[in-house]
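Peer 1: requesting a structural model of the entry that follows:
(2 chains)
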Amino acid sequence: MSTVSHGHDPATLEPVVDLCDAVAVLGSFPALAGVTMTVQRGEIVLLSGPNGAGKTTLLRLCAGLVALERGRGRVLGVDLANDRELVRHRVGMIGHSNGLYGDLTVTENVRFWGRTVGASESEIDLAVSRMGLDGRLAHLPVSRLSAGQRRRTALAGLVARRAELWLLDEPHAGLDAAGRDELDSVLKMAATAGATVIVASHELERAGKLATRQVEVIAGQVRKVAGL
Amino acid sequence: MSNAGQQRFTGTTVIGTARLIAAKDLRVELRSRVLLNQVLPFALIVMVMFAFALDSDAVLERVAPGLVWLAAMFSTLIMVSRSFAVETADGALDQLRSAGVPAMGIFIGKMMALMAQLVVLVTLLILTAVVLYRAELSWAGSVLLVTTGLTATCGLAAVGTLYGGLAAGAKGRETLLPLLLLPVVAPVLIGATRATESAFGTRGVSTGQGWPWLGLLAVFAVLFSVSGAVAFGPLLDD
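Peer 2: Predicted coordinates for the structure are as follows:
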């Protein structure tokens, strides 16, 4: 997939995510209390754990949105302690909202996000078609799409933005069975093409089938890592 | 990371981002037609209602400049609110920041789109005032009026975007925005009204007396454009 074929720095053998005893603090609360974790290029990793365990904070740390308080952390070769702003351009994070404009069409939304990194028109068309949104759907306003189609539009935005690491927080939430199946097939396709995906989810059975590895986060620490 | 790699992943420039955001905002407006279907009728209703309520040519002629800018100010509130509702409805503003899009570019883009819409609105309001309140315009007055319109809308757009961003993440932002914005735009209301009075020649005021008020508007516009562009990033991140 085009997402991962662009812009690899020479350190391609380096893990995409490499955290060592990483501590992140929200206010005065230590949301991550020494996380050690590595994720290799092309993996789909499931983050599991109870509410408040630190899954979202871990995703936000990897996205450069939360400061690394202590420990060591590198994402896509970028040092989170010193240059976390730099990683934001290369990472795509989708939480409970999709970041779309309801009055704009699918293509216009994908074009908007692609243009934030200077994507060409062909890259934008490719992103739309890769997510199965070409044809009639491409010209529909996002406000008229189903929840699953909106989520796919958001993912097409990540492809157009050339995001190398996809961080998805509860991506199945709010989707019906068909939407969930659509999302799973899109993520499998992305992983097959070499994208790196970290999914935080409570739906262990569904996300487990998707993931290559499960990382359990409890009380801000990684408690268990299991191959799936 | 290599220099080439860094260059590739720094995203678009501030100017590129501003153009992208402005084009997107104007496209959203063209699709939704909120300006055309809601803001313009609202502003015109305000003008017409005052015309009926005051029902005196002499009084109307005297208050016409103030009414133009009062209607513009209230309309600005609706437009700013709408501009940021579009961004927060599906978390797009958060996505923009998390994607490393330059905040200064976001500010300038949203300000430019807002200013473009305000220029259309103020032009129609002034034309309405000329027709409805029988305001008269000389050539020199027209020049002052156009300059005043552009400078005042720039100030309104700058301060509106800054405070719109401030209120965007807050609870009850619909009621918070007027509370924050109205006191701050008082200098624009006063300066633009006085300059427009001079342009219209209301109460025998000469055109020359309007230029100092234009200076006040220019200082306001520059102050809030610069401070908004600088402060918008930290403001969104907080």
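
Peer 1: residues from chain A in reach of chain B?
Peer 2: A:6-7, A:9-11, A:63-65, A:77-78, A:85-86, A:88-90, A:92-104, A:108, A:112-113, A:115-118, A:141, A:161 (C-beta under 8 Å from any C-beta of the partner chain). (Each C-beta comes from the backbone N, C-alpha and C, glycine too.)

Peer 1: of the residues you listed, which belong to helices?
Peer 2: Restricting these to those inside helices, with DSSP state H as the criterion, leaves A:85-86, A:108, A:112-113, A:115.

Peer 1: which helix in chain B has the most residues?
Peer 2: Every helix in chain B considered (DSSP H), the longest is helix B:57-88.

Peer 1: tell me which stretches of chain B form helices.
Peer 2: Counting by DSSP H, residue ranges of the helices within chain B are B:3-8, B:14-32, B:34, B:40-54, B:57-88, B:92-98, B:103-132, B:139-168, B:173-184, B:186-200, B:211-237.

Peer 1: which one of those helices lies nearest to chain A?
Peer 2: Between chain A and the helices of chain B, the tightest spacing by C-beta to the nearest C-beta is seen for helix B:92-98, at 3.1 Å.

Peer 1: the closest one - what's its average pLDDT?
Peer 2: Over the span of helix B:92-98, the pLDDT mean works out to 91.

Peer 1: near chain A, anything from that helix?
Peer 2: Yes - Helix B:92-98 lies within reach of chain A by C-beta under 8 Å from any C-beta, at B:92, B:94-96, B:98.

Peer 1: so B:Ala22 is in contact with B:Lys110, correct?
Peer 2: Yes - assessed by C-beta atoms under 8 Å, B:Ala22 is found in contact with B:Lys110 at 7.4 Å.

Peer 1: ok, the residue sitting nearest the centre point of chain B - contacts?
Peer 2: The central residue of chain B, meaning the one whose C-alpha is nearest the mean C-alpha position (C-alpha atoms, centre = their mean), is B:Ala157 at 3.1 Å. When contacts are counted by C-beta atoms under 8 Å, 6 or more residues apart in numbering or on different chains, B:Ala157 is found next to B:76, B:111-112, B:114-115, B:118.

Peer 1: got it, and A:Gly102?
Peer 2: The neighbourhood of A:Gly102, defined by C-beta under 8 Å, 6+ apart, consists of A:141-143, B:89-90.

Peer 1: A:Ala225 should be in a strand, yeah?
Peer 2: That one is not Ala; residue A:225 is Val. Yes - in this structure, A:Val225 lies within a strand as judged by DSSP: H, G, I helix; E, B strand; the rest coil.

Peer 1: buried residues in stretch A:193-200?
Peer 2: A:195-200 (16 or more other C-beta atoms under 10 Å in any protein chain shown).

Peer 1: what of stretch A:52-59?
Peer 2: By neighbour count, and taking 16+ other C-beta under 10 Å as the criterion, the buried residues in stretch A:52-59 are A:53-59.

Peer 1: need the pLDDT of residue 137.
Peer 2: Using chain A here. Turning to A:Leu137, the model gives it a pLDDT of 91.

Peer 1: you looked at the wrong chain, it should be chain B
Peer 2: Here, the pLDDT recorded for B:Leu137 equals 80.

Peer 1: what about it, distance to chain A?
Peer 2: 37 Å (C-beta to the nearest C-beta, to the nearest Å).

Peer 1: give me the below-cutoff pLDDT ranges for chain B.
Peer 2: Across chain B, residues meeting the criterion (pLDDT under 70) sit at B:1-11, B:238.

Peer 1: how about 50 then?
Peer 2: Filtered on pLDDT under 50, chain B yields the residue ranges B:1-11.

Peer 1: can you check chain A too?
Peer 2: In the prediction, chain A carries residues with pLDDT under 50 at positions A:1-11.

Peer 1: buried ones in the helix ranked longest in it?
Peer 2: When chain A is scanned for its longest helix (criterion: DSSP H), the result is helix A:177-192. Buried residues in helix A:177-192, defined by neighbour count with 16+ other C-beta under 10 Å: A:179-180, A:182-184, A:186-187, A:190-191.

Peer 1: which one of the contacts of B:Ala157 sits closest to A:Met37?
Peer 2: Closest approach between the contacts of B:Ala157 and A:Met37, by C-beta to C-beta: B:Met111, at 41.6 Å.

Peer 1: how many residues are close by that closest one?
Peer 2: Look at B:Met111: counted by other C-beta atoms under 10 Å in any protein chain shown, it has 29 neighbours.

Peer 1: surely it meets B:Phe224?
Peer 2: No - contact status for B:Met111 versus B:Phe224: not in contact, 9.2 Å apart, counting by C-beta under 8 Å.

Peer 1: got any residues that touch both of these two?
Peer 2: Shared contacts of B:Met111 and B:Phe224, defined by C-beta under 8 Å, 6+ apart, comprise B:Ala158.

Peer 1: contact partners of stretch B:209-216?
Peer 2: If you take C-beta under 8 Å, 6+ apart as the criterion, stretch B:209-216 is touched by B:144, B:147-148, B:151, B:187, B:190-192, B:194-199.

Peer 1: export the residues you listed to CSV and tack on neighbour count and distance to A:Arg136?
Peer 2: CSV is the format used below for the contacts of stretch B:209-216 (neighbours: other C-beta atoms under 10 Å in any protein chain shown; distance: C-beta to C-beta, whole Å):
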residue, neighbour count, distance to A:Arg136
B:Leu144, 23, 53
B:Thr147, 17, 49
B:Thr148, 28, 49
B:Thr151, 24, 47
B:Pro187, 18, 52
B:Ile190, 15, 54
B:Gly191, 25, 52
B:Ala192, 31, 48
B:Arg194, 23, 56
B:Ala195, 30, 52
B:Thr196, 28, 50
B:Glu197, 21, 56
B:Ser198, 26, 57
B:Ala199, 28, 52
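
Peer 1: identify, from these, the entry nearest to A:Arg130.
Peer 2: B:Thr151 (47.7 Å).
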